[in-house]
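Participant: got a predicted structure here, sequence first:
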Amino acid sequence: MALDGMVVGAVAAELQRCVGARIHKIHQPTEHDLVLSVRGGGLNSKLLLSANPTYPRTHFTSATYVNPLEAPMFCMLMRKHCEGGVIESVRQIGRERIIHIDIRQRDELGDLNFKTIVIEIMGRHSNIILIDTATGAIHDGIHHVTPAISSFRIVMPGVAYASPPDQGKIDPLAVADEDQFRALLTQSVEEAPIPLHQSLVGAFSGLSPLLAKEIVNRAKTQSSEEAAAIPPLWSSFSALMDAFRENRYEPVIVTDTTSGKASFSVTQLTHIHGTSVSFGSVSECLEAFYGDKAERDTVKQRAADLIRFVQNEKSKNTSKIKKLEDALEEAKDAEKYRVLGELLTAYMHQFNRGEESIELVNFYDEDQATVKIALDPQLTPSENAQRYFRRYTKYRNSLTVVAQQMKLAEAEITYFETLIQQLNDAALSDIEEIREELVQQGYLRERKTRGPKRKKAQHPSLLCYTSSENVPIYVGKNNMQNEYLTNRLASPTDTWLHTKDIPGSHVVIRGGDFGDATLEEAAMLAAHYSQAKDSSMVPVDYTFIRHVRKPSGAKPGFVIYDHQKTLFITPDTNRLKALPSVVK
């Protein structure tokens, strides 16, 4: 990947559509992200500003975000100073990964105020900062930088804003001719003999190694020593810079066939041999590249306590089964204690209180072998016999109890394995439903939150795909959704699918008028939303809803079914991504 200055320049060019529009709403769904609803001038969209340390970015977004019940302090500050404001300009600073958004807003008294939102896209040092345009003073930043963290600059309320340190490089779009290019590149090469692409990175701002390698590849030269290398390199360089000056961008994601690594840029990456996907806008490209990764990262953070709890519960039940197996093995000797008790009863006249053991002929044995029986010297012969009979009764009864406990523990393991799979596939909106289920099942206590309680929806939202034959296919991504989909929403004649003996989602094809393509796509979805998503030839059972039922007292999402058929399917991720989907 390469979110360099050129990509940021493409983003800034695309965000010019915001100029003149009004910031309608501001939300902060996570500690690193802001989402601005922007309306006006024919624009009605959401703008994502992310200072995520791993996935920092800025672009238009169509994703759905789950906002906290109580808005964070930085979000409240942004609402105070920017909500209702008009965006006056969007500009990239130099060729750096910094964007300034200037806002004009009237306060409660009707006075005009001017603010600037500074988005710094710098890896783990990324930040979103609100400053007063006139004074340059910082109102606040989404991440505070104290003197203990940085000696160069401070990001705290009331402090004067200082830009990140200048790297001393030249703006590549400002290079006028080959002579200037040669001088800058030669100077970079003279400092240390390095490859051409590294020389380009060292000389010009906004160029990532990925883009520099593309420039070198287009020049068809690898020499950094010969003067003959400069003309073709300049030709390649100037052609690309001309395209960028004219805002002619070609957003693309290329996946290397050898390493499987995906890279993106705003121009074709001819030096990477792999599968290329082009996009109509840089926002669509960034959303496709970062969207799933960032969401998975956020989900893991939000669900970390749930994942840890579920894994611990599964481990506890696994250990419990091992102990029960040991107890079961011991209980299998119950018959032996009955025999010993009867031998002591039959030969009671041959021993007295105080003896520690006795050898008796075992008349149950074909060979009439003798057996040595341990005695409690403090007990009478009759009491010793009764002691063995009690042990026999205890172990005989425990066989049934242990078998029941093992069955319950195995059911718990299956349940928690299902939850682990659901957490791995969960969207942000699914996490709270899983948490609520664990509270209802008595595994967790309900969390007390400040502020008003969010009204519970009448039914959970479901992910609905549309097959290539224009047939709706519903997917339940957790047990609450599975219960609603299978037991309430689906009709008796709808087709129900689930991976065979593998934890996964309930999938329902609505209606009976569909062909093999829809059945195949639904089976792929069942396999994709299961523990076997990375496997091939996954067995998927399918039957009518009328043959699916939930046993009395069963765990949420657990059903039994019959009259099923089984097909084997290998999930095709690209084919599934091509299917339209919506949450409803």
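Facilitator: Cool, the structure landed.

Participant: quick one: residue 5 and residue 97 touch, right?
Facilitator: Yes: Residue 5 lies in contact with residue 97 (C-beta atoms under 8 Å); the separation is 5.8 Å. C-beta: built from backbone N, CA, C; applies to glycine.

Participant: which neighbours do these two share?
Facilitator: Common neighbours of residue 5 and residue 97 (criterion: C-beta atoms under 8 Å, 6 or more residues apart in numbering): residue 206.

Participant: quick one: the helices in this protein, in order.
Facilitator: Per DSSP state H, the chain carries helices over the ranges 5-14, 73-82, 178-191, 196-203, 209-219, 230-245, 282-302, 304-331, 334-346, 381-425, 428-440, 479-484, 516-528, 573-577.

Participant: which stretch in these is the model least sure about?
Facilitator: The stretch with the lowest mean pLDDT among these is helix 178-191, at a mean of 75.

Participant: show the contacting residues for residue 167.
Facilitator: Residues near residue 167 by C-beta under 8 Å, 6+ apart: residue 205.

Participant: hang on, the earlier thing: CSV for the helices of the chain, including distance to residue 103 and mean neighbour count?
Facilitator: Output for those, formatted as CSV (distance: least, C-beta to C-beta, whole Å; neighbours: other C-beta atoms under 10 Å):
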stretch, distance to residue 103, mean neighbour count
helix 5-14, 16, 24
helix 73-82, 5, 18
helix 178-191, 37, 16
helix 196-203, 34, 22
helix 209-219, 31, 21
helix 230-245, 27, 17
helix 282-302, 20, 19
helix 304-331, 35, 15
helix 334-346, 80, 18
helix 381-425, 39, 17
helix 428-440, 28, 18
helix 479-484, 40, 23
helix 516-528, 43, 23
helix 573-577, 36, 11
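
Participant: nearest to residue 89, out of these?
Facilitator: Judged by C-beta to C-beta, the one of the helices of the chain that comes nearest to residue 89 is helix 5-14, at 10.0 Å.

Participant: helices and strands around that closest one, which ones?
Facilitator: strand 57-61, strand 86-92, strand 98-106, helix 230-245, strand 262-265, helix 282-302 (3 or more C-beta pairs under 8 Å, 6 or more residues apart in numbering; DSSP states H and E).

Participant: let's have these in a markdown table, adding distance to residue 40.
Facilitator: As requested, the helices and strands packed on helix 5-14 are exported to a markdown table (distance: least, C-beta to C-beta, whole Å):
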| stretch | distance to residue 40 |
| --- | --- |
| strand 57-61 | 14 |
| strand 86-92 | 8 |
| strand 98-106 | 13 |
| helix 230-245 | 28 |
| strand 262-265 | 30 |
| helix 282-302 | 18 |
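
Participant: among those, which is nearest residue 32?
Facilitator: helix 282-302 (8.5 Å).

Participant: give me the angle between the closest one and helix 5-14.
Facilitator: Taking axes from the mean of the first three to the mean of the last three C-alpha atoms, to 10 degrees, one finds that helix 282-302 is oriented at 110 degrees with respect to helix 5-14.

Participant: which secondary structure elements does helix 282-302 contact?
Facilitator: Packing partners of helix 282-302 (3+ C-beta pairs under 8 Å, 6+ apart): helix 5-14, strand 57-61, strand 252-256, strand 262-265, helix 428-440.

Participant: so which of the ones you listed is nearest residue 324?
Facilitator: Of all those, it is helix 428-440 that lies closest to residue 324, at 24.0 Å by C-beta to C-beta.

Participant: for that closest one, the distance to its chain's centre please.
Facilitator: With C-alpha atoms, centre = their mean, to the nearest Å as the basis, helix 428-440 stands 15 Å off its chain's centre.

Participant: and it with helix 304-331, angle?
Facilitator: 40 degrees.

Participant: kindly calculate the angle that helix 428-440 makes with helix 381-425.
Facilitator: Using the same axes, to 10 degrees, helix 428-440 lies at 160 degrees relative to helix 381-425.

Participant: which residues touch the closest residue to residue 105 other than its chain neighbours?
Facilitator: Ranked by C-beta to C-beta, 6 or more residues apart in numbering and with sequence neighbours excluded, the top spatial neighbour of residue 105 is residue 85, at 3.3 Å. Counting by C-beta under 8 Å, 6+ apart, residue 85 makes contact with 22, 23, 103, 104, 105, 115.

Participant: and residue 85, how far is that from residue 61?
Facilitator: Distance, residue 85 to residue 61, by C-beta to C-beta, to the nearest Å: 20 Å.

Participant: which ones are touching residue 91?
Facilitator: The contact partners of residue 91, by C-beta under 8 Å, 6+ apart, come to 12, 99, 100, 102.

Participant: partners of the third one in the sheet?
Facilitator: So that's residue 100. residue 91, residue 118 (DSSP bridges).

Participant: verify the stated contact: it with residue 116.
Facilitator: Yes: the pair residue 100 / residue 116 is scored as a contact, 5.4 Å apart, by C-beta under 8 Å.

Participant: between these two, who's got more neighbours?
Facilitator: Ranked by neighbour count (other C-beta atoms under 10 Å), residue 100 and residue 116 place residue 116 first, with 20 against 17.

Participant: residue 272: which of the helices of the chain is closest?
Facilitator: Of all the helices of the chain, helix 209-219 sits nearest to residue 272, with 8.4 Å by C-beta to C-beta.

Participant: what angle do the closest one and helix 5-14 make?
Facilitator: Counting by the same axes, to 10 degrees, helix 209-219 points 100 degrees away from the direction of helix 5-14.

Participant: tell me what helix 209-219 is packed against?
Facilitator: helix 196-203, helix 230-245, strand 262-265.

Participant: strands paired with the last one, and their directions?
Facilitator: Meaning strand 262-265. strand 252-256 (antiparallel).

Participant: for the partner strand, give me every contacting residue.
Facilitator: Under C-beta under 8 Å, 6+ apart, the answer for strand 252-256 is 261-269, 272-279, 285, 288-289.

Participant: greatest separation within the contacts of residue 91: which pair is it?
Facilitator: Across these, the longest distance by C-beta to C-beta is 12.4 Å; it joins 12 and 102.

Participant: and for these two, which residues touch both?
Facilitator: Going by C-beta under 8 Å, 6+ apart, residues that sit against residue 12 and also against residue 102 are 90, 91.

Participant: now do stretch 128-139: distance from first to last residue.
Facilitator: Using C-alpha to C-alpha, to the nearest Å, the end-to-end distance of stretch 128-139 comes out at 11 Å.

Participant: buried residues of that stretch, list them for me.
Facilitator: 128, 129, 130, 131, 132, 138, 139 (16 or more other C-beta atoms under 10 Å).

Participant: what about the closest residue to residue 72 other than its chain neighbours, how many neighbours?
Facilitator: Sequence neighbours aside, residue 28 is the residue nearest to residue 72 in space, at 5.1 Å (criterion: C-beta to C-beta, 6+ apart). If you count neighbours by other C-beta under 10 Å, residue 28 ends up with 23.
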